[in-house]
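structure for the following, please:
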Amino acid sequence: MSPATPDTPRPEDPPRWRETLRVYAEPASLRMLSLGFSAGLPLLLVFGTLSFWLREAGVDLATIGFLSWVGLVYAFKWAWSPLVDRLPIPLLTRLLGRRRSWLLLAQSLVVGGLVCMALTDPKVALMPVVWCAIAVAVGSATQDIALDAFRIESADSRHQAALSATYMTGYRLAMIWAGAGALWLAASAETPQAEAYQYAAWKTAYLLMAASMLPGMLTVLFSKEPAQQALPPARNAREWLQGALIAPFADFVGRYRWHAVLILALIATYRISDVVMGIMANPFYVDMGFSKTEVATVSKLYGVVMTLAGAFVGGVLAMRFGVMRVLMLGALLSSASNLLFAWLAGQGHDLNALIFVISADNLSSGIATAAFVAYLSSLTNISYSATQYALFSSMMLLFPKFLAGYSGWFVKVQGYPAFFTATACLGVPVVALVVLASRIKITSSPR
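Okay, the predicted model is just below:
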């Protein structure tokens, strides 16, 4: 065999920049862009946008607050992830395959729930809207489970960061459409000189939101079912439960032994700085005197663009330098960017300062998220990808969300600068965990 020339990359060399960037134009990446849009669309339609609609319809604030518990569906999606991972859907699975059949079923539930919400006036009957919102949340969480498995099984570990980045791009674009877009559609459909609350305008907006799920459904129908390992036949219900419920968790612990505790600790705390700080972000903007228009433009629109840029950068860097290095970079940036909010607290109403801080924070968040999703994907065994990834993605929010519940009390006692500094300090143990986790050899199954 002739020796490799200087221009011939060795197998262990990182891919060249042109090859790295080309991955974003591959069919798998474009599919994840569309499917990411379908995944991101329902979230705000049962939270922020729905809250705006309910308040305009005269629903009291306490009731709107209780309805936010609909979001607990997402935190417990791991409970039915084994069914999505292994249970075939009659007829549909035979036609489309295991992953695509569950994706299409979940998307259909989201569309049906949104249509029913659109056809019900919460001012006249609130409970039907609540039940429809729960149906949308269940369908959305189920879609997340099936889509994570579909993504993990659609490419090897080297391409996971790029697929994660395009998925996040579609997801964030959908959040812009479901947030600012839905409000704009409702406002455009209103009749001039009519009463303040116009149900017909919201009906139009939500029907158009339901129609916006169609590109994702078409993507599922025209995609190829990813290759999967054959599931061993179960002779009875006990064997099926063993394979569906116990085996995925036993597999993870068996592969990593005591290292599993370290990995789970990292998963449970990696986003803690961002999540705890984020609860107080909007009250902070209000207390600093920023208007709704300024916050919407800088934080909700421009900020999302910066997150997308961060996701793209994170995906490229992960492919070029490895996931663990970018995971460390994301942990450092996420923690340090919170210190900028402490600085902003001393600037008063300064729009340029707000733009600078939002730019740095959202760019850091995008880089960290792209690397983290790629890391979670690398941990899964392809035989249990839906169940294991659902467990990981649920764990990453449970503890931070619980801790974030005390954020308002902390701000009231200590003030905003101390709060933002404390959230930055929460990221210090995360950096140490990344250092330790980087020494663990990833032992996911071959793809």
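
quick one: Leu333 from Ala189, how far?
Distance, Leu333 to Ala189, by CB to CB, to the nearest Å: 41 Å. No exception for glycine: its C-beta is placed from N, CA and C like everyone else's.

so between those two, which is more surrounded?
Using other CB atoms under 10 Å as the criterion, Leu333 and Ala189 rank with Leu333 on top: 21 against 15.

quick check: Ser335 touching Ala422?
No. Assessed by CB atoms under 8 Å, Ser335 is found out of contact with Ala422, at 11.1 Å.

counting neighbours, go ahead and name the busier of the two.
Under the neighbour definition other CB under 10 Å, Ser335 and Ala422 were set side by side, and Ser335 has more, 23 against 18.

how about that one: what's its closest non-neighbour residue?
Using CB to CB, 6 or more residues apart in numbering and skipping residues adjacent in sequence, the residue nearest Ser335 is Gly427, 2.7 Å away.

number of residues surrounding that neighbour?
By the measure other CB under 10 Å, the count of residues near Gly427 is 25.

how close does it sit to His259?
In terms of CB to CB, Gly427 sits 22 Å off from His259.

and for Gly179?
40 Å.

the two: who's more crowded?
Neighbour count, other CB under 10 Å: between Gly179 and His259, Gly179 has more, with 21 against 16.

so what's the closest residue to Lys77 other than its chain neighbours up against?
Leaving out its chain neighbours, the residue that sits closest to Lys77 by CB to CB, 6+ apart is Ala141, at 4.0 Å. When the contact criterion is CB atoms under 8 Å, 6 or more residues apart in numbering, the partners of Ala141 are Val73, Tyr74, Lys77.

element containing Ala141?
helix 126-153 (DSSP states H and E).

that helix: what's the following helix or strand?
Helix 126-153 is succeeded, C-terminally, by helix 160-176 (DSSP H and E).

thought Gly40 was touching Val110, still the case?
No. With contacts counted by CB under 8 Å, Val110 stays clear of Gly40, the gap being 11.5 Å.

and the two? Which one has more around it.
Val110 (28 against 23).

now do the closest residue to Ile89 other than its chain neighbours, the pLDDT please.
Leaving aside its sequence neighbours, Ile89 sits nearest to Ser101 (CB to CB, 6+ apart; 4.7 Å). Here, the pLDDT recorded for Ser101 equals 95.

in the stretch 101-250 of the chain, where is pLDDT below threshold?
155-158, 194, 228-237, 240-241, 243-245 (pLDDT under 70).

picking up where we left off before, the residue nearest to Ile89 - how many residues pack around it?
Neighbour count for Ser101, taken as other CB under 10 Å: 22.

would you agree it is in contact with Pro90?
No. Using CB under 8 Å, Ser101 is not in contact with Pro90; the gap is 9.6 Å.

ok so, going back, quickly find the element holding the residue nearest to Ile89.
helix 98-118.

now do that helix: distance to the chain's middle.
18 Å (CA atoms, centre = their mean, to the nearest Å).

tell me how far the spatially closest residue to Leu67 that is not a sequence neighbour lies from Pro226.
Leaving aside its sequence neighbours, Leu67 sits nearest to Val130 (CB to CB, 6+ apart; 6.4 Å). For Val130, the distance to Pro226 equals 36 Å [CB to CB].

what is the burial count for Ala418?
The number of residues near Ala418, taken as other CB under 10 Å, comes to 14.

where does it land in three-state SS?
helix (DSSP: H, G, I helix; E, B strand; the rest coil).

can we start the residue count at 356 from this point?
Sure thing, new numbering starts at 356, so read that last one as Ala773.

list the residues that contact it.
Contacts of Ala773 (CB under 8 Å, 6+ apart): Ala697, Phe765.

how close does it get to Arg410?
32 Å.

and for Gly677, the neighbour number?
Around Gly677 there are 16 residues (other CB under 10 Å).

please apply the same query to Arg610.
Arg610 has 17 nearby residues by other CB under 10 Å.

quickly list the domain ranges of this protein.
By the assignment in automatic domain parsing, the chain contains the domains 381-583, 592-796.

and the last one, how far out from the chain's middle?
The reference is to domain 592-796. On CA atoms, centre = their mean, the centre of domain 592-796 falls 11 Å from that of its chain.

then stretch 479-494?
For stretch 479-494, the distance to the chain centre is 22 Å (CA atoms, centre = their mean).

got the CA coordinates for that stretch in CSV?
What follows is stretch 479-494 as a C-alpha-only set of coordinates in CSV (Å, rounded to 0.1, in the frame of the first residue of the first chain):
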residue,chain,number,x,y,z
VAL,A,479,-68.1,30.4,26.3
ALA,A,480,-66.6,27.0,27.3
LEU,A,481,-63.1,26.8,28.8
MET,A,482,-62.8,23.1,29.7
PRO,A,483,-63.0,21.9,26.1
VAL,A,484,-60.1,24.2,25.3
VAL,A,485,-58.2,22.8,28.3
TRP,A,486,-58.7,19.2,27.2
CYS,A,487,-57.7,20.1,23.6
ALA,A,488,-54.5,21.8,24.9
ILE,A,489,-53.7,18.6,26.9
ALA,A,490,-54.2,16.5,23.7
VAL,A,491,-51.9,18.9,21.8
ALA,A,492,-49.2,18.6,24.6
VAL,A,493,-49.5,14.8,24.6
GLY,A,494,-49.2,14.7,20.8
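
show me the contacts for Val466.
Counted by CB under 8 Å, 6+ apart, Val466 has contacts Ala565, Met568, Met572.
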